[in-house]
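Asker: Make a model of this:
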Amino acid sequence: MSDIQQKVQEVVDELVASGAERGVQAAVYHDGVLVADAVAGVADAATGRPLTSDTPIFSTSMGKGVAATLVHVLVERGLLDYDTPIAELWPEFAAHGKGSATVRHALTHSVGVPGVPEDLKPEDLFDWDRMCSYIAGAEPWWEPGTQTGYHTLTFGYIVGEVIRRATGKPVGQVLREEISGPLGIADELYFGVPESRLDAVAKLEDIPGAAEMMAAMPADLPMFKTAPPSVAPTAALYNRPDFLTSDILAGGTMTARAVARMYAALLGEVDGVRLISPERLREVTAPAATGTDQVFGFPATRTLGYDFGAPIKNTGDTPTAFGFAGTNGAAVSADTATGTVVAVTKTLIAMGQFTAYEKVAEAVAEALR
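Answerer: Sure, this is the predicted structure:
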């Protein structure tokens, strides 16, 4: 397996040397064992601080997969059920006909509340109670469970409030107790980053021309109703200390090796820790919602909280894979057929381009062959 480490290191070195990336982490688990932990580039371009394997990086929607995993662990422990009505835990959520919405609907982006106020400010994201109050009082775009549409920001508050109400604890504490602590990654996997760890977090950078690209998009795009330009994916927002320290479960701050370890513990045992049973793994990775995404308009197949297939060009060719990809180009994928997990985190916001992940995944596939 040392061949995988060498090949992955060569890939990330080339990505940085070519200028395609500024800082990249890549980690690979195979059958519960870490077989590659590669890093290249800088964590902060302004200071030249080198990126290391234990440097946490805010990795946008990859946090959704972490939040979903936490739900599965709680279901495994009997604290939740997928078909529990959200309003049973959170009575206010029943407003405007949302009483039938379940935890399953939340995980599959089927609740019908993907929108946020047009005048949403970054500071609103940091106010958990305000966001939950808005979502609870919102009118659904569709009857819960009848359609699916990407809940860009609201996913995190809905799932997070379910976790909070089911456990009676802050979501960050539940993450430490149930996942990051047992797996030994409590300093590398966060929703809200502790202030004491802020200096360790990498600084993200925008790709050249990102602002112009955003400005050129039509203002009436449905995606802007789920994440208006005021909270668009930018380094300026994601590097804010008040953003990083807030529990915003639609995203997460993590290292590649930490998120890879979490997915490996979903597939099987990692140093004596297995997060869910083989039976539940089959359940949560099977297609659970299929249809036209009501936000983006593309065909979507979703599992219970994860992307179905791997975030590469031929996603449909990997029905045994599941994971999550972020707008910034970070991605993680676990394959139940091969027992392999590939995770890539990075400092350059690539606006949905996954070249770094694809190159690493191709190198891993070649080494395994």
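
Asker: how many other residues sit next to residue 186?
Answerer: Residue 186 has 16 neighbouring residues, counting by other Cβ atoms under 10 Å. Placement of C-beta: from N, CA and C, glycine included.

Asker: Spatially nearest residue to it (excluding sequence neighbours)?
Answerer: With sequence-adjacent residues excluded and distances taken as Cβ to Cβ, 6 or more residues apart in numbering, residue 186 is closest to residue 180, at 4.4 Å.

Asker: Phi first, then psi, for that neighbour.
Answerer: When quoted as degrees, to the nearest 10, the phi and psi of residue 180 stand at phi -70, psi -40.

Asker: so it touches residue 174, yeah?
Answerer: No - using Cβ atoms under 8 Å, residue 180 makes no contact with residue 174, being 10.0 Å away.

Asker: residue contacts, the residue nearest to residue 186?
Answerer: 186, 188-190, 258, 262 (Cβ atoms under 8 Å, 6 or more residues apart in numbering).

Asker: quick one: it from residue 123, how far?
Answerer: With distances taken as Cβ to Cβ, to the nearest Å, residue 180 is found 27 Å from residue 123.

Asker: Could you do residue 187 as well?
Answerer: In this view, residue 187 and residue 123 are 27 Å apart by Cβ to Cβ.

Asker: Kindly report the same for residue 156.
Answerer: 16 Å.

Asker: Settle it for me: which of the two has more neighbours?
Answerer: residue 156 (25 against 12).

Asker: helices and strands around the helix or strand encompassing that one, which ones?
Answerer: In this assignment (DSSP states H and E), residue 156 forms part of helix 154-167. Applying 3 or more Cβ pairs under 8 Å, 6 or more residues apart in numbering; DSSP states H and E, one finds that helix 154-167 contacts helix 62-76, helix 86-89, helix 103-107, helix 128-137, helix 171-175.

Asker: can you list contacts of it?
Answerer: Here helix 154-167 makes contact (Cβ under 8 Å, 6+ apart) with 63-64, 67-68, 70-71, 74, 79-80, 86, 89-90, 93, 103, 106-107, 109, 111, 113-116, 128, 131-132, 135, 151, 170-171, 174, 191, 226, 247-251, 305.

Asker: repeat that for 7 Å
Answerer: Here helix 154-167 makes contact (Cβ atoms under 7 Å, 6 or more residues apart in numbering) with 63-64, 67, 70-71, 74, 79-80, 86, 89-90, 103, 106, 109, 111, 113-114, 116, 131-132, 135, 170-171, 174, 247-250.

Asker: Of those, which count as buried by neighbour count?
Answerer: Using 16 or more other Cβ atoms under 10 Å as the burial test, these include 63-64, 67, 70-71, 74, 80, 86, 89-90, 103, 106, 109, 111, 113-114, 116, 131-132, 135, 170-171, 174, 247-250 as buried.

Asker: How about residue 95: what's its closest non-neighbour residue?
Answerer: residue 137 (5.4 Å).

Asker: shaky segments in this protein?
Answerer: Applying pLDDT under 70 to the chain flags residues 1-2, 209-223, 311-317.

Asker: Spit out the contact partners of the most centrally placed residue in it.
Answerer: By Cα atoms, centre = their mean, the mean C-alpha position of the chain lies nearest to residue 62, the distance being 1.6 Å. Residues near residue 62 by Cβ under 7 Å, 6+ apart: 252, 254, 259, 324, 326, 330, 332.

Asker: partner residues bridging the second one?
Answerer: By that I understand residue 254. Bridge pairing for residue 254 (DSSP bridges) gives the partners residue 57, residue 189.

Asker: just checking, it touches residue 186?
Answerer: No - using Cβ atoms under 7 Å, residue 254 is not in contact with residue 186, being 11.5 Å away.

Asker: Which residue ranges of the stretch 201-350 of the chain form helices?
Answerer: Taking DSSP state H, counting those that start in this stretch as the test, the helices found in the stretch 201-350 of the chain are 210-215, 223-226, 235-238, 241-244, 256-267, 278-285.

Asker: separation between residue 71 and residue 151?
Answerer: 14 Å.

Asker: Likewise for residue 75?
Answerer: When residue 75 is compared with residue 151 (using Cβ to Cβ), they lie 19 Å apart.

Asker: okay, those two: which has more neighbours?
Answerer: The residue with more neighbours, out of residue 75 and residue 151, is residue 151; 26 against 20, by other Cβ under 10 Å.

Asker: And the more buried one, how far from residue 137?
Answerer: Taking Cβ to Cβ, one finds residue 151 at 16 Å from residue 137.

Asker: what do you get for residue 258?
Answerer: According to Cβ to Cβ, residue 258 and residue 137 sit 36 Å apart.
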